[in-house]
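Trainee: how does the following fold in three dimensions:
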Amino acid sequence: MHYKEAIRIAPTFADAYSNMGNTLKEMQDIQGALQCYQRAIQINPAFADAHSNLASIHKDSGNIPEAITSYRTALKLKPDFPDAYCNLAHCLQIVCDWTDYEMRMKRLVAIVADQLEKNRLPSVHPHHSMLYPLSHAFRKAIAGRHGNLCLEKINVLHKPQYPYPKDLSASNGKLRIGYVSSDFGNHPTSHLMQSVPGKHNLDQVEIFCYALSPDDRTTFRSKVAREAVHLIDLSELPCNGKAADKINSDGIHILVNMNGYTKGARNEIFALRPAPVQAMWLGYPGTSGAPFMDYIVTDGTTSPVELANQYSEKLAFMRDTFFIGDHWNMFPHLSEKIILENKDGVKKDNIAVINTVNVNSFLEKIPAVDQLVISGEDNEGHPPIKVPVLDSSASVALNNMVSQGQLHVSINGISIVNGLAVNQIQPKAATGEEVPTSPLITTRSMYGLPDDAIVYCNFNQLYKIDPATLQMWVSIIQRVPNSVLWLLRFPATGEPHLADAAAQLGMPAGRLIFSPVASKEEHVRRGQLADVCLDTPLCNGHTTGMDVLWAGTPMVTLPGETLASRVAASQLETLGCPELVAHSKQEYEDVAVRLGNDSSYLRNVRAKVWRKRIDSPLFNVKTYTNNLERLLWEMWRRHERGEGCDHITHLARKQQHHNAQIITNGYPETTKN
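Mentor: All right, here's what the predicted structure looks like:
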C-alpha cells in the first residue's frame, strides 16, 4: 500500500495515517482504521479530517456520544466542514438532541442547496434525507448524485453493454427473477420477505437470490436458499463487474434491488445493467434517483401518481400495499391468546397474556373458567371475539412467577415460560428463527406499565421522532387521564434528551416509560400489552408497523408526502382500518384521544384489528407473492413488446383514498392538485 510506504518514509505524516484509515475502513478493517485515525490525531491534534473520520467509525459502531464529541472537535477546528456538520446533525437526530433544532435544519438545507448547485456529492445521505425539511427535488437530486457515483465507478471497467434475452425461449417459458440483497439473514428485510421466494409459482417463474453478504448460518438464510432453488453468494465475487457478469449469464429478465442506499448495497452491479428490466422493491424507502433503475414497486397510497415527480423510476403499483411481513410463519403463536386475571382480579385483554401455538391443547390441561368478550358482533356479521380467561389459582401462580423473576413454572404438567427468559430457554425462538415450543407469559408488570392505564406505544428507533411529533404525543397524554407513553431506549442515550424535551412540552410526571430494546420475538409479542400505537409521521414504522399490527394493537398514523411517511397508511388501508389514518395534526391527536377516552370505541377498534390481521391481505404472503409476480410479468411484457417503461397502475385494487399531503415543520397541509 502506498500509504504504508509514505508512513515508512515519514513516520509523523498524519495525512498518510488518515488516508490509510479510509482505505482500511473501505476494506471493513474497522479496528485498523480506528488505530490509524487515532495515530493521525496523536501526531496532529488539530487535524479536523482525522477527527471527522474517527467520528464516522464511532457512528457506524453505534457509539453515538463519542461520535458527537469527535464531530464537534472537527467543527471547532474547521467550522466550514459540511460532512462533519451533516453527520453531527444525524447523530443528534439519533439521540433526540434538539438543541437549536430549527437553526440546524435551516443550515442543513442551505448546505445541501450549495452542494447541489456546485454539483458536489451532498453531505446528507439519501437514506437520511426524509428526516429533514428538504424539497422533493433536493431529495431526488441527493439520490441521483449517489447513483451517478456508481456510474462513475463502473465506467473505469469499460465494459460493453450486455446482451439480453429477447424472449423466454432460453428459460422454457419461465420468467427469471433475480432478487439482490445484502440482507438474506437475520435482518428486518428477511423477517418481512423470507417466504416470498418459495411462494412464487415455480411453473411460471424461476427465482434467483443473489446474496451480497456471507451466510450468517441462520434459518432465515437457509430458508431463502432452500426455497429460492438458486441462491448465489456474490460476497465471494467482490468485483462488481464479475458479479454483473454472473447475473447476466444466468439470463435474468427482471433484477430486483432490495438495498437501495442501505448498508451493504452494491448498486454498481445495477449500474452495469446486467438485466433488461431493473426494479426497486421493499428494502429502501425512497427513490434511487438513478437512470439504471426502471421501476419502483409501490402502491397507490404510498406513492400517489400525483407525486410521481419524487421518483426517477416509473411507479409499479401492487394490488394492495407494497409492504409484507412473514408474521404468520414466524409468530403463529401470537394469532391467539389466553388472558389472566391480574392480582386485583381485573380481566383485560392486554394486562397479562399467554401465547401458545396450540391453545386447545393448553386449555385441556389448564381449563379456562371464563371468556372475556372483547367485541360484539360487528357490522360485517362476524361473531363476537371471545378470549379464554384462566382461573384465579393459575393466574396467581403465574403472576407470582413473574414477580419473583422465575424462568418458568409448571402447572398441570405444562411448563409456562417467563416471556423475558426466551433468550435463555430457546435462543432461536428469541430471534424468530423458530416458533416457541412452550407457552409464553407476557405482562405489563414486566415493563413497569400500570395495569389500569391506557398505554400508548411507539417502538421505532428514536431518530424517527421530531419535536412536532413529540408535541402531539404530549398533547394526547395530557388529554387522556391515566394514560402513559411507552417508548424504547433505541438508543439508550436518547432517553434523557427525549425525557427533558417532553417535560419542557408539558408531559405530566411519571407518564413517559422507557424499555430496553428486545429480541425480535419479544419485541413483537410485547406489543400486545399496549392499547394504541402512535406512529411517527416523519418516517413511519415500516417493519415495526407490521409488528405492532400483528400483535393486534391499532396504529394511528399521519401520512405526509414522502414514501417513508406514507407506508403505515398503506398498511392500515390494506388491513381495512382507514379510520386510523389521520389527515391533519389535529385529527391525529383527536383519533388517538378518542381511542384513549372512549372505552367502547377502543374495544371495537382493537377487535377489528385483531380480526383483520388474520382475514385481510396484509399478512398473506401467498396472495402478496401472486400479486408481485403479476406485476413483474407486466413489466416484462411491456419490455418484450418494446413499449419502454411507464407507470403500471391498473393492477391496483383501487385508487388511493387520501389526498397527498405535505409536511412543513411537522404540520401537514393538503396539497392542491
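Trainee: tell me what the host helix or strand of Glu634 is packed against?
Mentor: Assigned by DSSP states H and E, Glu634 belongs to helix 621-640. In this structure, helix 621-640 packs against strand 175-181, helix 196-199, strand 254-257, strand 277-280, strand 295-298, strand 314-317, with contacts taken as 3 or more Cβ pairs under 8 Å, 6 or more residues apart in numbering; DSSP states H and E. (Each C-beta comes from the backbone N, C-alpha and C, glycine too.)
Trainee: now do 7 Å
Mentor: Other helices and strands packing on helix 621-640, by 3 or more Cβ pairs under 7 Å, 6 or more residues apart in numbering; DSSP states H and E, are strand 175-181, helix 196-199, strand 254-257, strand 277-280.
Trainee: what about the closest residue to Arg479 other than its chain neighbours, neighbour count?
Mentor: Spatial nearest neighbour of Arg479, chain neighbours left out: Val593 (4.7 Å); criterion: Cβ to Cβ, 6 or more residues apart in numbering. Counted with other Cβ atoms under 10 Å, residues neighbouring Val593 total 20.
Trainee: contact partners of stretch 374-384?
Mentor: Here stretch 374-384 makes contact (Cβ atoms under 7 Å, 6 or more residues apart in numbering) with Asp349, Val373, Ile385, Val387, Arg603, Asn604, Arg606, Ala607, Lys608, Arg611.
Trainee: in stretch 268-284, what's buried?
Mentor: The neighbour-count check on stretch 268-284 (16 or more other Cβ atoms under 10 Å) flags 268-284 as buried.
Trainee: again, but for stretch 117-124
Mentor: Under 16+ other Cβ under 10 Å, the buried positions of stretch 117-124 are Pro122, Ser123, Val124.
Trainee: who's in contact with the second one?
Mentor: So the one you mean is Ser123. Contacts of Ser123 (Cβ under 7 Å, 6+ apart): Pro82, Asp83, Cys86, Ile111, Gln115.
Trainee: low-confidence ranges in the stretch 201-350 of the chain?
Mentor: For the stretch 201-350 of the chain, not a single residue meets the criterion pLDDT under 70.
Trainee: surely Met130 and Glu561 touch.
Mentor: No - applying Cβ atoms under 7 Å as the test, Met130 and Glu561 come out as separate, 9.9 Å apart.
Trainee: how far does stretch 389-405 sit from the chain's center?
Mentor: Between the centre of stretch 389-405 and the centre of its chain there are 35 Å (Cα atoms, centre = their mean, to the nearest Å).
Trainee: what mean pLDDT does that stretch get?
Mentor: Mean pLDDT, stretch 389-405: 93.
Trainee: over to stretch 35-46?
Mentor: 95.
Trainee: export that stretch to CSV, keeping only CA atoms.
Mentor: Output in CSV follows, covering the C-alpha atoms of stretch 35-46 (Å, rounded to 0.1, in the frame of the first residue of the first chain):
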residue,chain,number,x,y,z
GLN,A,35,-6.0,2.9,15.1
CYS,A,36,-4.9,4.9,12.0
TYR,A,37,-7.2,7.8,12.8
GLN,A,38,-6.1,7.9,16.4
ARG,A,39,-2.5,7.9,15.4
ALA,A,40,-3.1,10.7,12.9
ILE,A,41,-4.7,12.8,15.7
GLN,A,42,-1.9,11.9,18.1
ILE,A,43,0.6,13.3,15.5
ASN,A,44,-1.6,16.3,14.7
PRO,A,45,-4.3,17.1,17.3
ALA,A,46,-5.6,20.0,15.0
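Trainee: how about residues contacting stretch 159-170?
Mentor: Lys174, Leu175, Gly241, Asn248, Gly251, His253, Leu272, Arg273, Pro274, Pro276, Glu640.
Trainee: repeat that for stretch 551-560.
Mentor: 334, 524-525, 527-528, 530, 532-535, 537, 540, 545, 548-549, 565-566, 568-569, 572, 577, 580-582, 585, 588, 591-592, 595, 605-606, 609-610, 613, 658, 661-663, 668.
Trainee: just the buried residues of these.
Mentor: For these, buried by 16+ other Cβ under 10 Å: 334, 524-525, 527-528, 530, 532-535, 537, 540, 545, 548-549, 565-566, 568-569, 572, 577, 580-582, 585, 588, 591-592, 595, 605-606, 609-610, 613, 658, 661, 663, 668.
Trainee: rewinding a little: of the contacts of stretch 374-384, grab the buried ones for PyMOL.
Mentor: Selection command for PyMOL covering only the buried members of the contacts of stretch 374-384, criterion 16+ other Cβ under 10 Å:
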select buried, resi 349+385+387+603+604+606+607+608+611
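Trainee: ok, Ile154 touching Glu268?
Mentor: Yes - Ile154 lies in contact with Glu268 (Cβ under 7 Å); the separation is 5.2 Å.
Trainee: ok, back up a step: dump the buried residues of stretch 117-124 to CSV, plus pLDDT, secondary structure and distance to Ala518.
Mentor: Listed next are those as CSV, based on pLDDT from 0 to 100; DSSP: H, G, I helix; E, B strand; the rest coil; distance: Cβ to Cβ, whole Å:
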residue, pLDDT, secondary structure, distance to Ala518
Pro122, 98, coil, 35
Ser123, 98, coil, 34
Val124, 98, coil, 31
